[in-house]
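1. Next come a sequence and a model predicted from it.
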Amino acid sequence: MIIHIKLILFVILTIEMLKRFHLFSKLKDIKIYSLKLFNLINLKKVSDNWKEKVLFKYCQNIFIVSLKILLTLIIILLFYLFLIHYNESIQGYFFSISGFVEISVFAFIYYKLRNFKNG
């Protein structure tokens with residue numbers, strides 16, 4: 001029973017972290033900045049001086065967004081370490097097929113209920 005409660009707590013904390021810190025929108029931001037970088041490099045009619053300034057700004061934005069993503073993933077890893085890693089029975093269940101199915105089903109249900117509640 002404790003195993004299931006800890007797994008549920010881990011799933012809830014992970015989903016909330018992903019939603020609160022807008023992880024997927026940050027990944028989209030990195031994609032957008034990368035596309036802008038490649039497009040800028042291919043421009044022939046733009047001066048090199050201007051390209052340097054804009055490239056630096058785009059790279060700076062990618063770096064900052066990447067650090068935010070890294071921080072979010074580190075926090076999720078800390079949740080994993082505190083809730084799951086130090087207990088071998090929970091860790092064994094967490095990486096089993098039945099544990100994976102349970103986590104997936106609960107994450108799907110929680111995500112749908114959360115979105116339904118928020119409209």
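-> Looks like it arrived, so ask away. Small disclaimer: the values here were computed from a predicted structure and weren't measured.
2. Figure out the helix or strand that the residue lying closest to residue 85 once chain neighbours are set aside lives in.
-> With C-beta to C-beta, 6 or more residues apart in numbering as the criterion, residue 85 has its nearest non-adjacent residue at 6.0 Å, and that residue is residue 91. C-beta: built from backbone N, CA, C; applies to glycine. Following DSSP states H and E, one finds residue 91 within helix 88-94.
3. list the buried ones in the longest helix that the chain contains?
-> Longest helix in the chain by number of residues (criterion: DSSP state H): helix 48-80. Within helix 48-80, the residues that count as buried by 16 or more other C-beta atoms under 10 Å are 58, 61, 62, 65, 69, 72, 76, 79.
4. ok so, going back, state the number of residues packed around the residue nearest to residue 85.
-> Applying other C-beta atoms under 10 Å, we find 15 residues neighbouring residue 91.
5. Lovely, talk soon.
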